[in-house]
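**Q** predicted model, plus sequence, below.
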Amino acid sequence: MDRRSGQIGRIHRLMWGVVGSVLLTVALGGYWFTQVVAQLGTAARQERVQLLALEAAVGEAMAELSEQTQEWKDILLRGHDPVLREKHQHAFEAHALSLGAELVSVQHAARELGLDTDDIAEFSRQHQALMTDYRAALTLFDPKNPLSFRLVDQRVQGRDRLLRDGLRREREKLEVQIAAREQRLSERGVLGQQWLKLGALAAFLPLLSLWFFWQVYRALREIVLSDARIRAIYQAIGDAVLVADMQGRVESINATAQKLLGWREGEARGRLISEVFELYDVHHQQRVESPAESVLRDGCPIPMSNGMMLRRRDGSELAVEDSAAPVRDEHGQAVGVVMVFHDVSKRYALLAELRAARAQFETLFEQLPEGVLLFDENLAVIMHNREAARLLEYSSKETLQLRVFDIEAMDDQAAIVARREKLQQTGRDDFESRYRTRSGRLLEVDVSVQVVQLPDGRIAFQTLFRDITEQKQAALQIEHLAYHDQLTGLPNRRLLHDRLSHAISSAVRRDAQLAVIYLDLDHFKDVNDSLGHGTGDALLQVVAERLLGCIRADDTLARMGGDEFVLMLNDLNDADSASTAAEKIMHELSRPVCIGGDELRITPSLGISLCPGDGRDADELLKYADAALYQAKQQGRATYRFYTQALHDQSVERVQLERLLRHALERHEFELYYQPQVDLRDGRIIGCEALIRWNHPGMGQVSPGRFIPIAEHSGLIIDIGNWVMQEACRQPKRWHDQGRDIKVSFNVSARQFMRPAELMQSLKAALAESGVDATRMEVELTESLLLDPQGMGEVLHEIRALGIQLALDDFGTGYSSLSYLRRFPINILKIDQSFVSDADNNPDDAEMVKTIIGMAHNLRMSVVAEGIETEAHRALLAMQGCRVGQGYHYSRPVPAEEFSRLLQRGSG
Ligand SMILES: Nc1nc2c(ncn2[C@@H]2O[C@H](COP(=O)(O)O[C@H]3[C@@H](O)[C@H](n4cnc5c(=O)[nH]c(N)nc54)O[C@@H]3COP(=O)(O)O)[C@@H](O)[C@H]2O)c(=O)[nH]1
């Protein structure tokens with residue numbers, strides 16, 4: 001390339017030298033030539049001027065001669081007048097002089113022009129002679145004698161004419177000569193012009209040659225440059241090019257080929273193609289023929305093909321795409337081969353990546369847990385995955401023949417089309433729909449459609465769908481569960497609340513009345529506990545059925561949980577209608593129920609609130625009905641109560657107490673009082689019962705009779721009970737440390753027993769933390785707990801195993817049964833104070849007391865009598881064989897310190 005550029009530069013410089021010298025030659029030659037021609041023209045012009053001057057001088061001489069002759073005549077004619085004669089004589093002389101001078105001039109001019117001047121010289125002499133004669137004649141002139149005029153004139157007459165004629169002839173002769181000369185001069189001028197043309201031509205011809213030369217130069221330069229350009233392109237081309245001769249020997253390789261092959265052109269030149277271009281089969285790694293070699297063999301061009309690996313000079317490999325064609329001369333004769341190839345490694349890698357990505361995509365597509373359908377613009381399936389076909393129960397082939405209308409379980413095709421049009425605008429849509437399977441089954445599907453563009457530019461609808469039939473059913477079920485009671489299928493608290501809210505709004509709008517009846521089965525727990533939950537559940541179902549029979553279609557019966565039901569009675573005329581309904585309910589539910597061969601008798605308690613009289617809010621009405629129910633329960637059960645202001649106040653108080661109770665523990669407002677248990681024979685304190693007290697800063701001491709039911713109802717009894725347990729365990733340890741070993745009993749609520757594991761954990765922790773001897777502790781539980789034989793047995797045995805004694809509180813008021821007394825590890829029976837208080841007056845109570853004491857002894861249990869208020873009580877009990885008792889007769893429950901003093905005193 002550099003050499004080529006150098007050559008072009010040299011040619012360039014040479015050409016400029018030639019052009020310069022030609023231009024210089026042309027310029028100098030032209031200048032010289034024009035100078036010569038110009039000189040030639042100047043000489044001719046000067047000669048012509050001289051001829052003209054000669055001709056003019058001859059003319060002048062003739063004119064002067066004529067003037068002289070005329071003056072002569074005037075002298076002769078007017079010579080008689082001396083003045084005129086003198087004047088004309090002067091003029092005559094002047095003209096004679098001028099004529100003489102003119103003749104001299106003519107002679108000179110003629111001589112200069114090289115003309116014959118002899119005649120002119122002769123004339124000059126004749127004129128001189130004539131003048132002499134004139135002047136001589138004049139001397140003869142007498143102005144007074146006219147004859148003298150004649151005489152004078154006769155002397156010169158004829159001679160002046162002769163002179164004039166001679167001069168005329170001379171002029172004619174000169175004119176001939178001048179004409180000849182003129183002719184020659186004009187010929188010389190023409191010649192000069194020809195020369196000028198020739199000169200111009202001479203100057204033009206080199207210019208023309210120069211122009212031709214320039215054109216040739218340009219053409220040559222173009223050839224050279226295009227050759228260089230081709231060469232440059234050849235080198236710069238992105239594809240590798242190898243040119244070889246017919247023997248397969250490399251002639252040239254371009255820069256790209258050098259880079260790819262690892263051979264420099266100089267090194268590769270002359271080598272066999274196979275040496276520099278080692279080609280291998282990609283898959284089998286076998287050496288294969290290069291396309292150039294195949295062209296040399298067959299003479300046929302090989303189009304661009306790939307799939308081969310090129311082994312480079314350094315041993316590394318490249319994937320190449322190559323082609324070859326024969327190189328032919330102007331006669332079509334093959335003179336070599338050209339091979340073009342390029343590196344396709346990156347493309348191969350990319351293709352491999354693409355293939356891997358596609359395989360990945362296909363796997364993903366096929367393994368998608370969702371069905372995928374691709375619909376074209378006409379909503380026909382053009383692609384699908386396996387899951388789509390499976391869900392729709394079609395084969396793959398069948399799926400590809402479906403249209404959306406075959407799948408969508410929508411009768412309204414227009415709606416489907418409208419949805420498609422909307423989709424085209426929004427690009428995406430998510431909705432739930434129903435698909436019909438091949439077998440006609442309906443699938444609830446969650447569909448997500450996206451508008452996509454196909455490679456050919458058309459749009460398509462990519463539809464992902466998921467079978468949510470089960471989910472839907474589950475959701476429906478959940479929704480049903482969320483709003484219904486599982487056991488009875490009745491609306492639950494939430495649904496009741498909704499309906500009640502709507503019913504209240506409607507009633508208020510229509511100025512109508514409605515009643516809310518809160519119902520609770522009396523002693524249902526006992527049934528449940530004694531006969532088992534199965535029976536309890538069956539009973540609840542019967543109750544639900546009977547209640548449904550008591551209400552109208554637009555009324556609502558809901559189960560609130562446990563044995564609690566609520567009835568919402570719409571459009572009541574007055575409160576009496578509610579009473580009527582309540583009585584009907586009581587009557588219906590009081591009828592015996594037969595379950596599993598057992599005949600059960602139950603009674604309900606009912607609380608009633610009215611809308612709008614008692615309130616216009618669902619929660620309010622429920623709360624008031626609950627308060628009325630509470631009242632009904634308090635007042636002996638098996639009855640109904642309407643909500644009243646007093647009830648409202650109690651209810652408010654309960655709510656307030658509950659709110660305050662929630663903070664009582666953390667504010668250390670609880671305290672344990674201890675009531676002595678004494679030996680009825682000698683009044684000696686042998687133990688005590690721990691009874692909780694709530695010292696509220698504002699309300700003073702709140703009795704457990706007020707707050708324990710609230711604590712139990714709210715669940716706060718768990719924490720409070722744990723605190724009692726801990727404190728009750730700590731106290732005997734303190735007394736022990738003071739030298740007094742006292743047994744302490746404490747109450748454990750039924751709700752605490754409902755969480756046996758937690759109870760045991762708390763109990764053990766309390767014992768461990770206090771370090772008390774467990775045999776000093778006694779747990780009091782109520783009779784009703786023993787009605788659940790399965791649940792309770794274990795925990796009671798565990799408590800006993802710790803060494804703690806078990807006392808059955810309020811014995812005689814519940815389902816006292818010998819069987820469970822035998823079954824459970826109860827140590828002590830506590831006779832309820834209600835029997836004790838009247839035992840001295842009421843023979844039934846006395847009999848009861850006697851029976852309990854006898855039973856306890858039979859069962860080898862201890863007996864503790866409660867509520868001993870008088871000596872009579874003590875005496876009666878002692879007489880019946882009861883050894884231990886407690887009551888105001890001995891001491892009210894007292895704080896620990898005071899109890900310590902009692903201990904010191906030695907008796908209660
Ligand atoms: N779960 C828990 N319940 C407890 C706890 N502390 C008490 N209670 C229960 O609260 C109810 C009311 O108890 P209280 O007001 O303390 O009444 C007790 C005695 O003061 C009272 N008593 C004792 N002797 C007499 C008497 O001669 N006459 C009379 N009229 N009353 C008397 O009896 C209550 C003792 O009851 P009991 O537990 O059944 O032995 C009450 O039901 C308590 O059980 C507690 O910590 N946890």
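**A** Okay, I see it.
**Q** could you use CA atoms for every contact and neighbour count after this?
**A** Will do.
**Q** distance from the centroid: which residue in the chain tops it?
**A** residue 145 (152.3 Å; C-alpha atoms, centre = their mean).
**Q** and that one, how far is that from residue 76?
**A** Counting by C-alpha to C-alpha, to the nearest Å, the gap from residue 145 to residue 76 is 11 Å.
**Q** now do the contacts for residue 848.
**A** 812, 835 (C-alpha atoms under 8 Å, 6 or more residues apart in numbering).
**Q** so it, which state does it fall into?
**A** When classified by DSSP: H, G, I helix; E, B strand; the rest coil, residue 848 comes out as helix.
**Q** repeat that for residue 447.
**A** strand.
**Q** and the pLDDT at residue 33?
**A** Turning to residue 33, the model gives it a pLDDT of 63.
**Q** please apply the same query to residue 540.
**A** At residue 540, the pLDDT recorded in the model is 96.
**Q** ok so it is a helix residue?
**A** Yes: assessed by three-state DSSP, residue 540 belongs to a helix.
**Q** only the buried residues of stretch 110-117, if you could.
**A** 110, 113, 117 (16 or more other C-alpha atoms under 10 Å).
**Q** check stretch 499-514 too.
**A** Buried residues in stretch 499-514 (16+ other C-alpha under 10 Å): 499-501, 503-507, 512-514.
**Q** over to stretch 266-285?
**A** In stretch 266-285, counting by 16+ other C-alpha under 10 Å, buried: 268-274, 276-282.
**Q** stretch 675-694 now?
**A** Those would be 675-680, 683-694, for stretch 675-694 by 16+ other C-alpha under 10 Å.
**Q** give me the subset of the buried residues of stretch 266-285 lying in helices.
**A** 268, 273-274, 276 (DSSP state H).
**Q** include pLDDT when you put the residues you listed into TSV, please.
**A** TSV is the format used below for these (pLDDT from 0 to 100):
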residue	pLDDT
268	94
273	93
274	90
276	93
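**Q** which two from those end up farthest apart in space?
**A** 268 and 274 (10.8 Å; C-alpha to C-alpha).
**Q** residue 427 and residue 450 touch, don't they?
**A** Yes: Residue 427 is in contact with residue 450 according to C-alpha atoms under 8 Å; the separation is 5.8 Å.
**Q** quickly list the domain ranges of the protein.
**A** Listed domain ranges for the chain are 3-200, 238-349, 368-474, 487-643, 658-906 (source: the TED database).
**Q** out of those, nearest to residue 232?
**A** It's domain 238-349; of the domains of the chain, that one is closest to residue 232 (C-alpha to C-alpha) at 9.4 Å.
**Q** the closest one: end-to-end distance?
**A** Per C-alpha to C-alpha, the first residue of domain 238-349 is 19 Å away from its last.
**Q** for stretch 324-334, which positions count as buried?
**A** Buried residues in stretch 324-334, counted by 16+ other C-alpha under 10 Å: 324-327, 334.
**Q** nearest to residue 138 among these?
**A** If you rank these by distance to residue 138 using C-alpha to C-alpha, residue 327 comes first, at 121.6 Å.
**Q** return the distance of the helix or strand hosting the closest one from the chain's centre.
**A** Residue 327 belongs to strand 317-328 when elements are defined using DSSP states H and E. From the chain centre to the centre of strand 317-328 is a distance of 45 Å (C-alpha atoms, centre = their mean, to the nearest Å).
**Q** and that strand, what other elements does it pack with?
**A** helix 291-298, strand 302-311, strand 334-343, helix 345-367 (3 or more C-alpha pairs under 8 Å, 6 or more residues apart in numbering; DSSP states H and E).
**Q** coming back round to it: could you dump the ones in helices among the buried residues of stretch 266-285 to TSV with distance to the ligand?
**A** As requested, those are exported to TSV (distance: C-alpha to the nearest ligand atom, whole Å):
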residue	distance to the ligand
268	109
273	108
274	106
276	104
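**Q** adding distance to residue 408, write these out as JSON lines.
**A** Listed next are these as JSON lines, based on distance: C-alpha to C-alpha, whole Å:
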{"residue": "268", "distance to residue 408": "71"}
{"residue": "273", "distance to residue 408": "67"}
{"residue": "274", "distance to residue 408": "66"}
{"residue": "276", "distance to residue 408": "66"}
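**Q** and the stretch 751-900 of the chain, which of its residues are near the ligand?
**A** 809-810, 866-869, 887-888, 893 (C-alpha under 6 Å from any ligand atom).
**Q** pull out the buried members of those.
**A** 809-810, 866-869, 887, 893.
**Q** please identify the one among those residues that lies nearest to residue 318.
**A** Looking across those and measuring by C-alpha to C-alpha, the closest to residue 318 is residue 809, at 97.9 Å.
**Q** quick check: phi and psi at residue 690.
**A** Backbone geometry at residue 690, expressed as degrees, to the nearest 10, gives phi -80, psi 130.
**Q** related to what we said a few turns ago, mind checking the pLDDT average for the strand holding residue 327?
**A** For strand 317-328, the per-residue pLDDT averages 91.
**Q** can you tell me what sits against that strand?
**A** 282, 291-292, 295-296, 299-312, 334-345, 348.
**Q** cool, and stretch 628-645?
**A** Contacts of stretch 628-645 (C-alpha under 8 Å, 6+ apart): 518-520, 522, 582, 586, 603-609, 614, 624-625, 627, 647.
**Q** ok, stretch 84-100 next?
**A** By C-alpha under 8 Å, 6+ apart, stretch 84-100 touches 60-62, 64-65, 67-69, 71-72, 74-76, 78-79, 124, 127-128, 131.
**Q** list the buried residues in it.
**A** Neighbour counts over stretch 84-100 (16+ other C-alpha under 10 Å) mark 85, 87-89, 91-100 as buried.
**Q** now these as JSON lines including distance to residue 779 and secondary structure?
**A** Compiled in JSON lines, these are given as follows (distance: C-alpha to C-alpha, whole Å; DSSP: H, G, I helix; E, B strand; the rest coil):
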{"residue": "85", "distance to residue 779": "205", "secondary structure": "helix"}
{"residue": "87", "distance to residue 779": "199", "secondary structure": "helix"}
{"residue": "88", "distance to residue 779": "200", "secondary structure": "helix"}
{"residue": "89", "distance to residue 779": "202", "secondary structure": "helix"}
{"residue": "91", "distance to residue 779": "196", "secondary structure": "helix"}
{"residue": "92", "distance to residue 779": "199", "secondary structure": "helix"}
{"residue": "93", "distance to residue 779": "198", "secondary structure": "helix"}
{"residue": "94", "distance to residue 779": "194", "secondary structure": "helix"}
{"residue": "95", "distance to residue 779": "194", "secondary structure": "helix"}
{"residue": "96", "distance to residue 779": "196", "secondary structure": "helix"}
{"residue": "97", "distance to residue 779": "194", "secondary structure": "helix"}
{"residue": "98", "distance to residue 779": "191", "secondary structure": "helix"}
{"residue": "99", "distance to residue 779": "193", "secondary structure": "helix"}
{"residue": "100", "distance to residue 779": "194", "secondary structure": "helix"}
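**Q** rewinding a little: so which of the buried residues of stretch 675-694 would count as near the ligand as well?
**A** 691-692.
**Q** that older thread, looking at the buried residues of stretch 84-100, which is nearest residue 556?
**A** residue 98 (171.4 Å).
**Q** and that closest one, how far from residue 137?
**A** 21 Å.
**Q** which bits of the chain sit near the ligand?
**A** 691-692, 703-705, 724, 747-749, 809-810, 866-869, 887-888, 893.
**Q** now intersect those with the strands, please.
**A** 691-692, 747, 809-810 (DSSP state E).
**Q** pull the most distant pair out of those residues.
**A** Maximum pairwise distance among those (C-alpha to C-alpha): 17.1 Å, between 692 and 810.
**Q** how close does residue 875 get to the ligand?
**A** Distance, residue 875 to the ligand, by C-alpha to the nearest ligand atom, to the nearest Å: 14 Å.
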